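Undergrad: Okay, sequence plus prediction incoming.
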Amino acid sequence: MKPTAEPSVNLTRLIVKDLFSIGRLPLLLLVLILGSALAVVYITHQSRQLIVQQEQLLIERDQLDIEWRNQILEENSLAEHSRVERLAETQLEMKRPTAANEIVVQ
């Protein structure tokens, strides 16, 4: 009796021989299907990464927008006329001229 491993080796060789001689078109289609499936997986992965990146950028944009609005509010509060006048009087010791000190140039 022959060993049982030999028929499976012969069967494997026969299948490989059939694939490369008779089954070229199905083999090519199988390779193309596998390539297409891998491309779909890769593109899906890339799309998900880009969506996550977009969400992070939107969050950053919102934070920057809030910071910008706060800066505008701070600028407006620092430029108020009453504040500037008070700082001029207290820190620079400036005073409003009286009618006697005013000189009109014509």
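TA: Thanks, I have it. Numbering: from 1, shown residues only.
Undergrad: what's the distance between Thr12 and Ser47?
TA: As defined by C-beta to C-beta, to the nearest Å, Thr12 lies at a distance of 40 Å from Ser47. (Glycine included, C-beta is placed from N, CA and C.)
Undergrad: now Glu67
TA: With C-beta to C-beta as the criterion, Glu67 and Ser47 are 31 Å apart.
Undergrad: Can you spell out which helices and strands pack onto the longest helix belonging to the chain?
TA: Among the segments of the chain that qualify as a helix by DSSP state H, the longest is helix 24-78. Applying 3 or more C-beta pairs under 8 Å, 6 or more residues apart in numbering; DSSP states H and E, we find helix 24-78 packed against helix 5-21.
Undergrad: Show me what the helix it packs on is packed against.
TA: Applying 3+ C-beta pairs under 8 Å, 6+ apart, we find helix 5-21 packed against helix 24-78.
Undergrad: give the contact list for Leu57.
TA: By C-beta atoms under 8 Å, 6 or more residues apart in numbering, the contact set of Leu57 is empty.
Undergrad: got any ranges where this structure has weak pLDDT?
TA: Of all residues in the chain, those with pLDDT under 70 make up the ranges 1-6.
Undergrad: Can you pull up the most central residue in it?
TA: Gln53 (2.6 Å; C-alpha atoms, centre = their mean).
Undergrad: got a list of what it touches?
TA: By C-beta under 8 Å, 6+ apart, Gln53 lies in contact with nothing.
Undergrad: Check the gap between it and Leu30 for me.
TA: 35 Å.
Undergrad: On the three-state scheme, Val104 is what?
TA: Classification of Val104 by DSSP: H, G, I helix; E, B strand; the rest coil places it in coil.
Undergrad: ok, back up a step: report the angle between the longest helix of the chain and helix 5-21.
TA: Put simply, helix 24-78 runs at 70 degrees to helix 5-21, going by axes from the mean of the first three to the mean of the last three C-alpha atoms, to 10 degrees.
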